[in-house]
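Colleague: Have a look at this prediction, sequence included:
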Amino acid sequence: MAIDWRDQTRADMLTFQMVSPINVDQTYGELEGVDLSGSSLTAAYYTDTRTSGKLRVVGGNWVRGSMIRVIHEVPDWGWRRELGTYIVTNDGASRSNGAWVTELTLNSRLFGLSTDKHERAWTIAKGARALKAMEQSLGDAKCPYVEQSPKDLAFKDPKVIEAGTTRLAALFDIGSSAEDRLDVDGHGRVVIAPYVEPSSKTAVWRIDLEDERGVALDGLSRETDWLQMADVVVIHHKYTKGKSEKEVVGVAKVSDSLHQSHAKRGYTVTNFQSVSDLKDHSSSVAQQKAKEQLAKDQRELIEWKLSTTYLPIWEGDVVELWVHDGEPAYQGVRKCLVKNLDLNLENMTMSLTLKETGSGDKGDEK
């Protein structure tokens, strides 16, 4: 049957399974006593560990050391999704009114790799494959993983992972060399997949702010850095010729028609860069570098914040936000990356931070 997430008469059901810490396919049964009013999940695209959460458990039967799998179902639709499978990194408890209340801190598999440090230096030989090295590292960590058509490369030179480096940092380093991104799936496995520029992704949902049966709740905010964007780039190069010190300068400015220009804002923001190596100490090279940098600086950082009822989306997904009014420059259908997501498990509402894909990775790291 077709699924209509705008139908607010549906009956959502959440279950919490206790999962073996060494076998994600083995479960110990259902966790009882979860207080949804004190429970939530968070996902963030630009964080190293991607997702986390918290559960408030009253009484309950938690098997200490087990992982927690959160499952969302809509029985009438025959729909089921594993929202996440988490290691528990804190289990503080207090006793009140005759009952023990345990606060479970949930973290992803990637968090577990961030606390695991290499005991000694690891040298990856020249010619070795990046994907094989990642597989070896995850295998040594006894961490389950899946590959989704990842990229690969052979290292042209030996690569040394220093002793004391976290396993996660090493995996990110190796993965970025091959242009792969690490994430986690709902079943508790690390995912190795090619990094895809958000602007190249297909939107999986459209949030129409004026849809009478829409999912957007009241309230929307926008943040943009256009008032801080550079409208001038200066490339400055000093060098010595004989006994004299010389300098070369390249300058590039935006068109007066752009809203970040001096003509529109009444002030200038200069990106001034000193460079030590400039081919032939040439002013034409400096000028070209200034033009190239100015082009990079024209990616405006635009982010939207809003709340919605539950949607089957997660960090890294791309959605369309249809804005009907407000500042004309920001109206229309806005293609956005789901940058941050907070899911309230009590009422199944989402607080979203959406970053326009035209902003690229500006202000963040992938």
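Modeller: Yes, it's here. Residues are numbered from 1 along each chain as shown.

Colleague: surely residue 75 meets residue 11?
Modeller: Yes - using Cβ atoms under 8 Å, residue 75 is in contact with residue 11, at 6.8 Å. For every residue, glycine as well, the C-beta is placed using N, CA and C.

Colleague: Nearest residue to residue 51 in space, please, no chain neighbours.
Modeller: Once flanking residues are discounted, residue 51 sits nearest to residue 43: 4.4 Å by Cβ to Cβ, 6 or more residues apart in numbering.

Colleague: now the one you found: how far from residue 88?
Modeller: Separation of residue 43 from residue 88 (Cβ to Cβ, to the nearest Å): 18 Å.

Colleague: and if you look at residue 219?
Modeller: Where residue 88 is concerned, residue 219 sits at a distance of 33 Å (Cβ to Cβ).

Colleague: what about those two, which has more around it?
Modeller: Here residue 219 and residue 88 are compared on neighbour count by other Cβ atoms under 10 Å; more neighbours surround residue 88, at 19 against 9.

Colleague: so who does the more buried one touch?
Modeller: 65-68, 104-107 (Cβ atoms under 8 Å, 6 or more residues apart in numbering).

Colleague: Which parts of the stretch 1-150 of the chain are strands?
Modeller: 13-19, 27-30, 34-44, 51-58, 67-74, 79-96, 99-107, 122-124, 145-147 (DSSP state E, counting those that start in this stretch).

Colleague: Quick check: which helices or strands does the last one pack against?
Modeller: In this structure, strand 145-147 makes packing contacts with helix 130-140, strand 190-194, judged by 3 or more Cβ pairs under 8 Å, 6 or more residues apart in numbering; DSSP states H and E.

Colleague: between the shortest one and helix 130-140, how many degrees?
Modeller: Translated: strand 190-194. Using axes from the mean of the first three to the mean of the last three Cα atoms, to 10 degrees, the direction of strand 190-194 lies 180 degrees away from that of helix 130-140.

Colleague: What lies in contact with the helix or strand just after strand 190-194?
Modeller: Per DSSP states H and E, the first helix or strand lying C-terminal to strand 190-194 is strand 205-208. Strand 205-208 is contacted by residues 214-216, 306, 308, 311, 313, 317, 319-322, 333 when judged by Cβ under 8 Å, 6+ apart.

Colleague: how about a cut-off of 7 Å?
Modeller: For strand 205-208, contacts defined as Cβ atoms under 7 Å, 6 or more residues apart in numbering pick out 214-216, 308, 311, 313, 319-322.

Colleague: These: which two are farthest apart?
Modeller: 313 and 322 (15.5 Å; Cβ to Cβ).

Colleague: neighbour count winner among these two?
Modeller: Shown here are residue 313 and residue 322; by other Cβ under 10 Å, residue 313 has more neighbours (19 against 16).

Colleague: tell me the secondary structure for the more buried one?
Modeller: In the three-state summary, residue 313 is assigned as coil, counting by DSSP: H, G, I helix; E, B strand; the rest coil.

Colleague: Dihedrals phi and psi, it?
Modeller: phi -130, psi 170 (degrees, to the nearest 10).

Colleague: contacting residues around it?
Modeller: Contact analysis of residue 313 by Cβ under 7 Å, 6+ apart lists 204-205, 319, 338.

Colleague: Can you lay out those residues as TSV showing neighbour count?
Modeller: Shown next, in TSV, are the contacts of residue 313 (neighbours: other Cβ atoms under 10 Å):
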residue	neighbour count
204	14
205	16
319	20
338	24
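
Colleague: Closest one to residue 195 out of those, please.
Modeller: residue 338 (16.0 Å).

Colleague: Residue 85 bridge partners, please.
Modeller: When bridges are called by DSSP bridges, residue 85 pairs up with residue 69.

Colleague: Kindly report the domain assignment for this structure.
Modeller: Segmentation of the chain into domains, based on automatic domain parsing, reads 13-107, 112-194, 198-225+300-359, 232-297.

Colleague: would JSON lines of those domains with mean pLDDT and distance to residue 4 be doable?
Modeller: Below are the domains of the chain laid out as JSON lines (pLDDT from 0 to 100; distance: least, Cβ to Cβ, whole Å):
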{"stretch": "domain 13-107", "mean pLDDT": "96", "distance to residue 4": "9"}
{"stretch": "domain 112-194", "mean pLDDT": "97", "distance to residue 4": "22"}
{"stretch": "domain 198-225+300-359", "mean pLDDT": "95", "distance to residue 4": "9"}
{"stretch": "domain 232-297", "mean pLDDT": "92", "distance to residue 4": "39"}
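
Colleague: Next, count neighbours for the closest residue to residue 145 other than its chain neighbours.
Modeller: Leaving aside its sequence neighbours, residue 145 sits nearest to residue 190 (Cβ to Cβ, 6+ apart; 4.1 Å). Residue 190: 24 surrounding residues under other Cβ under 10 Å.

Colleague: Give me the distance between residue 190 and residue 174.
Modeller: Look at residue 190 and residue 174: by Cβ to Cβ, they are 13 Å apart.

Colleague: and if you look at residue 28?
Modeller: 34 Å.

Colleague: and those two? which has more neighbours close in?
Modeller: A direct count of neighbours by other Cβ under 10 Å for residue 28 and residue 174 places residue 174 higher, at 25 against 15.

Colleague: Pretty sure that one sits against residue 131.
Modeller: No - counting by Cβ atoms under 7 Å, residue 174 does not reach residue 131; the two are 8.7 Å apart.

Colleague: quick revisit: can you add distance to residue 248 and give the contacts of residue 313 back as CSV?
Modeller: Output for the contacts of residue 313, formatted as CSV (distance: Cβ to Cβ, whole Å):
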residue, distance to residue 248
204, 49
205, 50
319, 46
338, 44
